[in-house]
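Colleague: Sequence first, predicted coordinates after that:
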Amino acid sequence: MHLHGYCYYVMAQGVFPAELSFDESIQFLNQELNSGLQVRPYPPMKDTVPLPSKGYFVLRIYSDNPGFWFFHCHFLYHHQTGMSAVIQVGELSDMVTPPHNFPKCGNFYP
């Protein structure tokens, strides 16, 4: 999983038991977190972390860069099936206005 605009701390990671449904996986992770999941004392800082099948990771972001940031898997099939999100940091009023001469892509007409 890759996050644009930030690096994040990988606090913990693991793999869900294979036999769990999606809802059971969420319950499993909540139980792990509530029971004191082993969190790294010196977590690595990354902007991309490989995520195995049935895997998870817990991240911590210091969100000091206002904007809309894309968080996604680099495998196109995973991206197309929902392993992506746009994270909004701050309000629209917090975001820097681009300079008047900032280049724009414009419309694309084939």
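Modeller: Perfect, thanks for sending it.
Colleague: quick one, strands of this structure?
Modeller: 2-3, 8-15, 45-46, 55-60, 67-72, 84-89 (DSSP state E).
Colleague: Would you reformat the ones you listed as a markdown table and include distance to Phe28, mean neighbour count and mean pLDDT?
Modeller: (Each C-beta comes from the backbone N, C-alpha and C, glycine too.) Converted to a markdown table, those look like this (distance: least, C-beta to C-beta, whole Å; neighbours: other C-beta atoms under 10 Å; pLDDT from 0 to 100):
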| stretch | distance to Phe28 | mean neighbour count | mean pLDDT |
| --- | --- | --- | --- |
| strand 2-3 | 24 | 16 | 94 |
| strand 8-15 | 10 | 16 | 89 |
| strand 45-46 | 24 | 14 | 94 |
| strand 55-60 | 9 | 16 | 90 |
| strand 67-72 | 22 | 16 | 93 |
| strand 84-89 | 21 | 13 | 94 |
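Colleague: Quick one: closest of these to Phe102.
Modeller: The closest approach between Phe102 and any of the strands of the chain, judged by C-beta to C-beta, belongs to strand 67-72 at 14.1 Å.
Colleague: which strands and helices sit next to the closest one?
Modeller: Strand 67-72 makes packing contacts with strand 2-3, strand 84-89 when contacts are defined by 3 or more C-beta pairs under 8 Å, 6 or more residues apart in numbering; DSSP states H and E.
Colleague: one more time with 6 Å, if that's ok
Modeller: For strand 67-72, the packing partners by 3 or more C-beta pairs under 6 Å, 6 or more residues apart in numbering; DSSP states H and E come out as strand 84-89.
Colleague: how many degrees apart are the strand it packs on and strand 67-72 in direction?
Modeller: 160 degrees (axes from the mean of the first three to the mean of the last three C-alpha atoms, to 10 degrees).
Colleague: Quickly list what the residue nearest to Lys46 when sequence neighbours are not counted is bridged to.
Modeller: Distances taken as C-beta to C-beta, 6 or more residues apart in numbering place Val10 nearest to Lys46, at 5.7 Å, with adjacent residues excluded. In this structure, Val10 bridges to Leu59 when assessed by DSSP bridges.
Colleague: Show the contacting residues for Val10.
Modeller: With C-beta atoms under 6 Å, 6 or more residues apart in numbering as the criterion, the residues that contact Val10 are 43-44, 46, 49, 57, 59.
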